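**Q** 3D, please:
(one chain, ligands or ions: 1)
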Amino acid sequence: MSADRYDLVVVGGGVIGLGAAYAGLRRGMRTLVVERGSEATGASVRNFGHLCVTPQTGIARQHGLAARELWLRLAHDAGVWLRESGTLVAARAADELAVLVELAAVRGDEVRLLDAAEAAVRIPLAPGVAVGGAFLPADLQANPRQALQAITSHLAEQGVEFRFRTSVGAIEPGLVRTSRGPVGAQHVVVATNHDVDQLFPEVAEGLGIVRCGLDMLRVAAPLAAPLEAPLLTGWSLLRYGAFAETSAAAALRDRLHAERPDLAALDLNQMYTQLPDGSLIVGDTHYRGAAIAPFQGEAAADALLEEFRALFGVEPRVLERWQGVYASGPDEFLDLEALPGVHLAAATTGIGMTTGLGLADHVVARFTSPIDHEPPIDHEPQPRHHQEGMR
Ligand SMILES: Cc1cc2nc3c(=O)[nH]c(=O)nc-3n(C[C@H](O)[C@H](O)[C@H](O)COP(=O)(O)OP(=O)(O)OC[C@H]3O[C@@H](n4cnc5c(N)ncnc54)[C@H](O)[C@@H]3O)c2cc1C
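**A** Model prediction:
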């Protein structure tokens, strides 16, 4: 059987697959993306769009910093809506502030502390809720639904080929078997997120990669002022590496878990982003297993809405509810060559929007020549990206 032949075939059209295709394009590779959906509908369009580089550590920080540059490039070149917003953190208790103070002491200007009065001015919380907070100026915000569409269109315009509604069933060195026939490939990047457990079940099982399900909402609410940046809370300080590694984090965990075992059982990361149309993404909860039940109980949504009321002091109106799923494992990333020329790439914790473009570039750079010439990144996204209305 004859097969089309590409320098690079990418399986999966989420942010990591598109990142791999972008990396191939920038290095002059003939590139094909095979995506089983008619568009991206996975984790990459279901998230907060929070590009949360500052609290990452180790390899996640490296991928996050590389991804930050690529997001800025795509904002300029591909019309991706991007805010150089930073991140706001609201501290509602002294032990939350203690984590921020400890991190600020080592990270300097990357973590700017806010006192109670500054937090009250910058974050539209209910009166008296915050004892302080922090601003992390380097972080960014994207609108996931717009971003994936814009990057896909840009890559297609630049010559990357896409086969949508096309499923990959098996991969061998040099050959990708799709539901529309075989495709020859010098290199393959498999960016199928949790579905890596279907194409490479032994690899996923061997590395302890399972699935993580999350509950999310989009709401309308009369906040006292717009949310100028993605907003984290004390619960977020238990999750992201640099916060969680502070010595103050242990006491915070003990206190939050003792006071709110119901929220701890939901594995809550209470956080918010505001979209250009003013609606707010509200999340999230986490549950892990080999399979994720398709039925979302209302307990999670009830808790998310109750915490929203307590934090902002206003009544939210639910516009949308959805479930997200991502690969979850003991390491932060899946990055290995499973077969000669077949590279598996996934974020195996919930930071793939922040780091995924960097991970994908790192994977592709390993098997190709360096980029010939590239103009410097314009660090100012076009103003229109800040103003465009979104649904
Ligand atoms: C609710 C939620 C909130 C999150 N919030 C954030 C956040 O604010 N910041 C952050 O950094 N990260 C966040 N994350 C994590 C981030 O969204 C993911 O890590 C990232 O989107 C994963 O990208 P991906 O390309 O690997 O996966 P996906 O976007 O899921 O893409 C995988 C694609 O592969 C396709 N596919 C699978 N199998 C096949 C096959 N056999 N053949 C063809 N196509 C196939 C699928 O259809 C899918 O489109 C969040 C995740 C969720 C779920």
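**Q** tell me how far the helix or strand encompassing Leu97 lies from the chain's centre.
**A** Of the helices and strands defined by DSSP states H and E, Leu97 is found in helix 94-107. Its chain's average C-alpha position is 24 Å from that of helix 94-107, according to Cα atoms, centre = their mean, to the nearest Å.
**Q** buried stuff in that helix?
**A** Of all the residues in helix 94-107, those buried under the rule 16 or more other Cβ atoms under 10 Å are Asp95, Glu96, Leu97, Ala98, Val99, Leu100, Val101, Glu102, Leu103, Ala104, Arg107. The C-beta positions use only the backbone N, C-alpha and C, and glycine is treated the same way.
**Q** domain map for the protein?
**A** The chain breaks down by automatic domain parsing into domains covering 4-81+143-208+330-381, 87-137+210-327.
**Q** redo the ones you listed as a markdown table? Include mean pLDDT.
**A** Formatted as a markdown table, the domains of the chain follow (pLDDT from 0 to 100):
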| stretch | mean pLDDT |
| --- | --- |
| domain 4-81+143-208+330-381 | 96 |
| domain 87-137+210-327 | 97 |
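**Q** winner for burial among these?
**A** domain 4-81+143-208+330-381 (a mean of 20; mean count of other Cβ atoms under 10 Å).
**Q** anything in that domain near the ligand?
**A** Yes. Applying Cβ under 6 Å from any ligand atom, one finds domain 4-81+143-208+330-381 in contact with the ligand at 11-17, 34-37, 40, 42-44, 46-50, 52, 167-168, 191-193, 195, 199, 346-347, 350-354, 356.
**Q** looking at those, which are in helices?
**A** Among those, the residues falling in helices (DSSP state H) are Val15, Ile16, Gly17, Ala43, Ser44, Arg46, Leu199, Gly352, Met353, Thr354, Gly356.
**Q** from those, pick the one nearest Gly64.
**A** For Gly64, the closest of those turns out to be Thr354, at 5.0 Å, with distances computed as Cβ to Cβ.
**Q** quick check: that closest one touching Gly64?
**A** Yes. Here Thr354 lies in contact with Gly64, judged by Cβ atoms under 8 Å, at a distance of 5.0 Å.
**Q** need the overlap of contacts for these two.
**A** Overlap of the contact sets of Thr354 and Gly64 (by Cβ atoms under 8 Å, 6 or more residues apart in numbering) consists of Leu51, Cys52, Val53, Gln56.
**Q** so what does the closest residue to the first one other than its chain neighbours look like in phi/psi?
**A** The reference is to Leu51. Excluding its sequence neighbours, the residue lying closest to Leu51 (Cβ to Cβ, 6 or more residues apart in numbering) is Leu140, at 3.9 Å. Backbone torsions of Leu140, given as degrees, to the nearest 10, read phi -130, psi 170.
**Q** burial count for Leu140?
**A** Neighbours of Leu140 under the rule other Cβ atoms under 10 Å: 25.
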